[in-house]
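S.K.: predicted structure and sequence below. I'll ask about it afterward.
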Amino acid sequence: MRTMIPALGLFLAAGAAQAAVPSPATGVTDPASVVSVQNPNAAPPVSAADLYFTRGGLDAAWTPDGRSVVISTNLTGRYNLWRMDAAGGWPVQLTVSDDRQSGLAVSPDGKWVVFQADHGGDEMYDLYAVPVAGGDVVNLTQTPDISETEALFSKDGATLAFAAKRKADAGANVAAMGWADRKVRVLTAEAAPDFTWSPVGWLGTDLVANRRNVGRTLGGVWRVPLAGGAAVSLTDPKAKAMIQASDVSADGKLIAVSSDAKAGQFQAAVLEIAAGAYRWLAPTPWEQTADAFTPDGRSVLVTTNADGRTDLAVVDLATGASRGLGLPPGYNAAAGAHPMTADGRLLVVHDAANTPTDYWVADLSGAAAPRKLTQFALASLDASRLPSSQIVHYKSEDGTIISAVMITPFNLKRDGTAPGVVIPHGGPTGQTLDRFSRLGVALASRGYVVILPNVRGSTGYGKAFQLANHKDLGGMDLIDEVYGAKFLAATGYVDAKRIGITGGSYGGFMTLMAIGKTPDVWAAAVSQYGIINWYEMLKHEDAALQAYQRSLIGDPVKDKKVYDAVSPMTYIRNAKAPLLVLQGDNDIRVPRGQAEEVVATLKSVGAAVEAKYYPAEGHGFVKRENQIDALQRTLDWLDAHLKGK
């Protein structure tokens with residue numbers, strides 16, 4: 001996500017001879033077609049406090065009787081569990097903790113909800129249980145060197161399956177705990193250094209589980225005997241594809257799967273277990289994934305990610321007919337691991353660029369219109385007073401078409417004076433969806449034109465596109481960001497000399513690469529927990545991240561030239577843009593030392609740099625006071641250097 005500039009020198013030359021990377025066909029957006037809508041009732045600059053006192057949701061789950069929903073939300077500024085009547089009303093708090101709580105699984109008898117929580121953002125999770133009716137929280141695992149996640153009750157409630165990852169391992173194995181005796185057995189024994197397991201559902205007393213590599217390019221579906229013995233592959237274990245399961249039908253005959261095996265792009269299917277045959281659903285040009293079977297087993301819920309906008313439909317397995325659920329446009333996703341009630345109600349997460357997150361209830365039969373269950377937003381965040389987004393497409397230097405979410409403020413003049421901001425996403429194996437972005441809203445309400453590109457390496461546009469930046473991080477994907485900045489200026493609204501860049505994680509890495517490698521493009525930058533030195537990262541990061549890093553850029557000895565070329569340390573001394581660094585003290589993905597190295601290096605050459613470190617925060621800030629502080633610092637920094645305030 002970056003901007004343009006006339007003199008990029010050698011950094012652009014390398015990509016000039018490359019062929020365009022394929023992705024689903026789209027047109028190219030004329031920058032002149034981007035319009036700042038005139039709205040006399042436009043919201044004033046939205047405060048950082050209002051944006052983070054507008055609550056969020058980490059996870060949710062129905063109780064088995066369908067009368068209540070348990071939600072992980074930060075009503076108090078911490079993501080704790082609350083029970084809410086499905087008919088609506090004020091929720092009741094079940095847990096109190098400084099640590100985030102998610103991964104909800106409600107016992108079949110409706111008496112307990114199991115959840116996962118780490119310690120100050122360290123990503124070493126224990127499993128806990130709390131009575132749905134209220135009561136004391138019980139730590140079920142208490143294993144400081146093993147992280148337990150993805151809890152899944154058996155149908156009779158006698159067994160709790162989960163993924164168990166030892167701290168020293170890159171991947172997790174499938175484990176099971178007796179609910180009565182709390183005894184744990186590990187059911188798989190992964191030997192490959194870069195593969196991991198996760199439970200999906202039950203076939204009688206056996207588990208269905210996914211096994212995939214950490215780079216998310218290879219994967220298959222397995223049957224894991226609860227009684228012991230070797231796991232059995234239900235899909236071709238030699239397939240050079242990603243195959244993942246999401247649900248098992250109630251009669252145990254079908255598995256809902258998604259795979260890129262057929263067309264290099266995720267498509268939805270059902271796997272007939274007895275025959276080992278796939279029944280592919282009608283494809284679309286865009287990414288399509290199977291979610292869960294309806295309670296009657298006759299249909300499957302399918303998510304389509306159409307160029308960053310997601311929607312849900314129910315597909316009849318007999319006829320192939322697809323029916324939408326009438327949800328508002330933007331981002332729509334099934335909530336939780338088991339999002340449906342026995343009587344056919346679906347729990348949905350919905351938000352959009354100008355609409356904060358809420359949980360909705362949709363009727364799978366279509367007999368009733370979807371209704372909003374929660375009301376997380378403050379009154380100041382009125383969608384009619386906030387600019388909506390649009391999806392734009394532009395060509396990068398080599399002709400590759402890049403899709404981006406763009407937010408254009410209200411009431412701008414097309415006079416080339418507005419500031420702009422490019423926001424690269426994390427990952428790099430990730431995608432910016434057309435969702436509610438607190439940073440995007442804060443900037444757009446202050447007159448910044450915002451673009452969030454999905455550069456090569458992003459998911460959602462096919463495997464070839466996803467792999468296109470491997471061993472070239474901060475190479476052509478950075479150029480894609482630069483051309484995003486070019487697009488901002490080409491709209492006629494934005495001053496090319498007043499464009500900033502900010503992102504977190506891989507977006508923070510991209511920010512650091514941008515200001516070092518294309519220094520004349522950027523007037524200000526904010527890096528949140530961004531990677532500066534891949535060599536040091538490999539020494540100190542979690543084992544799973546080490547394996548992921550190797551899948552992206554190779555071995556530090558054999559691929560030393562790659563490591564040097566993709567490291568911001570190689571270029572950071574060239575930076576001209578003032579840089580703000582925001583970092584969690586307890587980050588296992590991008591340790592604090594990375595931020596300290598950025599600051600020390602820039603100070604050694606007299607560059608403008610400031611840093612803020614947040615105690616008891618990991619990779620991304622989850623405590624409300626820190627979220628507000630980080631956003632306010634970002635806004636103040638960009639205002640000072642892009643607006644001259």
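M.R.: Received, thanks.
S.K.: grab the most central residue of this structure for me.
M.R.: What sits nearest the mean C-alpha location of the chain, by C-alpha atoms, centre = their mean, is residue 430, with 6.4 Å.
S.K.: ok, that residue - contacts?
M.R.: Contacts of residue 430 were listed using C-beta atoms under 8 Å, 6 or more residues apart in numbering, and they are 458-459, 506. For every residue, glycine as well, the C-beta is placed using N, CA and C.
S.K.: ramachandran angles for it?
M.R.: Per-residue torsions, residue 430: phi -160, psi -180 (degrees, to the nearest 10).
S.K.: tell me which stretches of the stretch 301-450 of the chain form helices.
M.R.: 438-444 (DSSP state H, counting those that start in this stretch).
S.K.: thinking again about what came up before, and the residue nearest to the centre of the chain, how far is that from residue 38?
M.R.: Computed as C-beta to C-beta, to the nearest Å, the residue 430 to residue 38 distance reads 35 Å.
S.K.: can you check residue 106 too?
M.R.: According to C-beta to C-beta, residue 106 stands 49 Å off from residue 38.
S.K.: how about residue 598, nearest residue that isn't a chain neighbour?
M.R.: Using C-beta to C-beta, 6 or more residues apart in numbering and skipping residues adjacent in sequence, the residue nearest residue 598 is residue 532, 4.8 Å away.
S.K.: burial count for that neighbour?
M.R.: Neighbour count of residue 532, defined by other C-beta atoms under 10 Å: 26.
S.K.: check contacts around it.
M.R.: Contacts of residue 532 were listed using C-beta under 8 Å, 6+ apart, and they are 509, 512, 567-569, 572, 594-595, 597-598, 601.
S.K.: repeat that with 6 Å
M.R.: Contact analysis of residue 532 by C-beta atoms under 6 Å, 6 or more residues apart in numbering lists 512, 568-569, 594, 597-598.
S.K.: same check on residue 50?
M.R.: Counted by C-beta under 6 Å, 6+ apart, residue 50 has contacts 378, 380.
S.K.: same thing but at 10 Å, please
M.R.: The neighbours of residue 50, taking C-beta atoms under 10 Å, 6 or more residues apart in numbering as the test, are 43, 377-381, 438, 441-442, 628.
S.K.: how about residue 100?
M.R.: Contacts for residue 100 (C-beta under 10 Å, 6+ apart) come out as 58-59, 72, 74, 78-80, 115-118, 120-121, 125, 618, 620, 622-623.
S.K.: so which of the residues you listed are in strands?
M.R.: 58-59, 72, 80, 115-117 (DSSP state E).
S.K.: going by distance to residue 517, which of those residues wins?
M.R.: The closest of the ones in strands among the contacts of residue 100 to residue 517 turns out to be residue 58 (C-beta to C-beta; 35.3 Å).
S.K.: for whichever helix or strand residue 269 is part of, name the packing helices and strands.
M.R.: Element membership of residue 269 [criterion: DSSP states H and E] is strand 267-272. With contacts defined as 3 or more C-beta pairs under 10 Å, 6 or more residues apart in numbering; DSSP states H and E, the packing partners of strand 267-272 are strand 243-248, strand 254-259, strand 277-280, strand 287-293, strand 299-306, strand 309-316.
S.K.: for that strand, buried residues please.
M.R.: 267-271 (16 or more other C-beta atoms under 10 Å).
S.K.: that strand: how far from the chain's middle?
M.R.: Computed by C-alpha atoms, centre = their mean, to the nearest Å, the separation of strand 267-272 from the middle of its chain amounts to 24 Å.
S.K.: so what strands line up beside that strand?
M.R.: Looking at strand 267-272 with DSSP bridges, its partner strands are strand 254-259 (antiparallel), strand 277-280 (antiparallel).
S.K.: burial check on residue 276, number of neighbours?
M.R.: 11.
S.K.: excluding chain neighbours, what is closest to it?
M.R.: In space, residue 276 is closest to residue 234, 7.3 Å off (C-beta to C-beta, 6+ apart).
S.K.: re the thing from before, between the contacts of residue 430, which is closest to residue 229?
M.R.: Closest to residue 229, out of all of the contacts of residue 430 and judged by C-beta to C-beta, is residue 459, at 35.0 Å.
S.K.: can you give me the strands in the stretch 151-300 of the chain?
M.R.: 159-166, 173-178, 184-186, 195-203, 206-213, 219-224, 232-233, 243-248, 254-259, 267-272, 277-280, 287-293, 299-306 (DSSP state E, counting those that start in this stretch).
S.K.: got a markdown table for these, with mean pLDDT and distance to residue 139 too?
M.R.: As requested, these are exported to a markdown table (pLDDT from 0 to 100; distance: least, C-beta to C-beta, whole Å):
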| stretch | mean pLDDT | distance to residue 139 |
| --- | --- | --- |
| strand 159-166 | 98 | 13 |
| strand 173-178 | 98 | 12 |
| strand 184-186 | 97 | 13 |
| strand 195-203 | 97 | 20 |
| strand 206-213 | 97 | 23 |
| strand 219-224 | 98 | 25 |
| strand 232-233 | 97 | 33 |
| strand 243-248 | 98 | 29 |
| strand 254-259 | 98 | 33 |
| strand 267-272 | 97 | 37 |
| strand 277-280 | 95 | 42 |
| strand 287-293 | 97 | 30 |
| strand 299-306 | 97 | 34 |
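S.K.: export the ones you listed as a markdown table, with columns for distance to residue 352.
M.R.: Formatted as a markdown table, these follow (distance: least, C-beta to C-beta, whole Å):
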| stretch | distance to residue 352 |
| --- | --- |
| strand 159-166 | 32 |
| strand 173-178 | 37 |
| strand 184-186 | 42 |
| strand 195-203 | 30 |
| strand 206-213 | 30 |
| strand 219-224 | 31 |
| strand 232-233 | 40 |
| strand 243-248 | 24 |
| strand 254-259 | 24 |
| strand 267-272 | 24 |
| strand 277-280 | 30 |
| strand 287-293 | 19 |
| strand 299-306 | 14 |
